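Visitor: what shape does this take:
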Amino acid sequence: MFDIKQIVSVTMILFAIIDILGTIPIIIDMRKKAGHIESEKASLTVLVLMIIFLFVGDELLAIIGLDIASFAIAGSLVIFFIAMEMILGITFFKEDDIPQSVSIVPLAFPLIAGAGTMTTLLSLKSQYATPNIVVGIVLNTIIVYIVLKNTYRLEKLFGKTGLIVLRKAFGVILLAIAIKLFRSNTGL
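Guide: As a prediction, the model looks like this:
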């Protein structure tokens with residue numbers, strides 16, 4: 001039932017798409033503007049959103065008449081653009097003004113568990129066993145919590161240049177994931 005190779009693959013894919021390390025500068029900026037981020041609340045929201053979407057995302061697609069392959073192809077394009085943002089340092093997706101309470105919106109959703117993450121979850125269902133995906137979600141939620149609790153320490157540890165390098169490296173990984181998803185769902 002549980003496959004370590006699948007768990008590691010899912011965990012790394014979700015880790016790359018969530019890009020919690022690459023969002024440390026954004027999280028620090030939000031914390032400065034809002035005054036405080038509730039790490040537990042944000043992490044629990046991320047976990048719940050991802051688990052719910054994993055299990056009912058198919059039904060939501062069926063209601064609007066889409067199949068997983070079409071959604072996966074669309075998701076691969078979203079992931080492609082997110083990767084391009086990370087690699088090139090340009091912004092395709094604009095965020096709204098930051099409200100006073102940022103723990104759930106915009107931090108948990110859409111920054112951490114946003115469209116790219118949800119698309120990736122449904123795409124992963126076409127290639128990996130659901131229990132392995134759930135374990136990958138839980139492991140990533142733990143990582144998100146640790147990072148949210150330690151953003152200042154991580155900023156000092158990596159430094160500005162280190163964070164830029166991490167973001168670009170994960171951007172290249174995401175780009176490869178986007179191409180793999182596109183190819184596997186189009187038969188190319």
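Visitor: my read is that residue 186 contacts residue 73, right?
Guide: Yes - using Cβ atoms under 8 Å, residue 186 is in contact with residue 73, at 6.3 Å. In this view, the C-beta of every residue, glycine as well, is placed from N, C-alpha and C.
Visitor: between these two, tell me which one has more neighbours.
Guide: Neighbour tally, residue 186 and residue 73, criterion other Cβ atoms under 10 Å: the higher count belongs to residue 73, 18 against 11.
Visitor: which residues does the nearest residue to the more buried one once chain neighbours are set aside contact?
Guide: Spatial nearest neighbour of residue 73, chain neighbours left out: residue 185 (5.0 Å); criterion: Cβ to Cβ, 6 or more residues apart in numbering. Residues near residue 185 by Cβ atoms under 8 Å, 6 or more residues apart in numbering: 69, 72, 73, 76, 123, 126.
Visitor: turn those residues into a markdown table, including pLDDT and distance to residue 20.
Guide: Shown next, in a markdown table, are the contacts of residue 185 (pLDDT from 0 to 100; distance: Cβ to Cβ, whole Å):
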| residue | pLDDT | distance to residue 20 |
| --- | --- | --- |
| 69 | 79 | 29 |
| 72 | 77 | 23 |
| 73 | 83 | 26 |
| 76 | 79 | 21 |
| 123 | 85 | 19 |
| 126 | 84 | 24 |
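Visitor: which of the residues you listed count as buried?
Guide: Among these, the ones that count as buried by 16 or more other Cβ atoms under 10 Å are 72, 73, 76, 123.
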